[in-house]
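Visitor: I would like to see how this sequence folds:
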Amino acid sequence: MAPMKPIHPAAVHFPIAFLALAFGLDILHTLSGSLPSTITKSLPPPTDLTRASYHLLSLGLITAVPALVTGVREAVVLIAKQGMYETDASGYGVTMRTKVKALIAHAVANDLVMGLSLLVWYKKRANASETMLGKMGVGSLGTGEATYQPATWMVVLEGLLFAGLMMAANIGGSLTYIFGIGFAAGGGGASKKKA
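Guide: Residues are numbered from 1 along each chain as shown. Predicted structure coming up:
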């Protein structure tokens with residue numbers, strides 16, 4: 001039987017890009033009032049910014065599903081092949097492998113980002129559907145109000161989520177490029193290359 005090909009490193013790019021753009025557009029929308037007019041003149045209308053942010057957030061959450069499924073699959077394969085623990089330097093005790101600690105941190109950070117992003121998506125959708133114009137999918141015509149305008153707490157949370165997303169992506173990069181997870185299912189690809 002052919003070895004399983006790791007898919008997770010390839011599946012993560014879309015959710016990272018979509019979520020980062022969604023968070024960035026909401027932050028830009030919120031800060032647009034304090035930006036110089038030379039910049040704000042070239043920005044799309046507030047309705048377009050917030051609608052784009054909402055749809056990018058939706059795409060980020062949808063594309064996160066394959067990334068999550070493949071990540072769990074590859075984590076299970078890694079732990080099944082190599083185990084979670086190794087003998088420590090003294091030879092008497094057992095300690096958790098560094099790559100497994102990184103894997104757990106990566107998974108927890110991504111789960112928090114996805115769960116809280118889903119909360120923001122749900123609240124934006126609920127707020128928009130409470131208005132008649134929101135039910136029609138348009139902003140408040142003539143007022144500049146945006147259909148999916150984020151509340152202040154959402155923007156603050158999205159700033160934190162952006163930082164968490166980048167931290168989780170950095171840990172994932174370390175898992176791939178330092179520990180070799182993703183070059184071959186179960187890790188060890190980088191060490192196999194050196195041998």
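Visitor: can you pull out the helices in the protein?
Guide: 8-11, 13-31, 37-40, 46-82, 98-129, 132-136, 152-177, 189-194 (DSSP state H).
Visitor: could these be laid out in TSV, adding mean neighbour count?
Guide: Where you see a C-beta, it was placed from the backbone N, CA and C, and this is true even at glycine. Shown next, in TSV, are the helices of the chain (neighbours: other Cβ atoms under 10 Å):
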stretch	mean neighbour count
helix 8-11	18
helix 13-31	20
helix 37-40	10
helix 46-82	18
helix 98-129	17
helix 132-136	12
helix 152-177	17
helix 189-194	12
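Visitor: Can you pull out the low-pLDDT segments for this protein?
Guide: For the chain, the stretches flagged by pLDDT under 70 are 1-4, 131-146, 184-195.
Visitor: ok, now how distant is the nearest residue to residue 154 once chain neighbours are set aside from residue 48?
Guide: Of all residues not flanking residue 154 in the chain, residue 120 sits nearest, at 5.2 Å (Cβ to Cβ, 6 or more residues apart in numbering). Counting by Cβ to Cβ, to the nearest Å, the separation of residue 120 from residue 48 is 19 Å.
Visitor: What of residue 39?
Guide: With Cβ to Cβ as the criterion, residue 39 and residue 48 are 16 Å apart.
Visitor: Next: residue 125.
Guide: Residue 125 sits 18 Å away from residue 48, going by Cβ to Cβ.
Visitor: I am finished for the moment; much appreciated.
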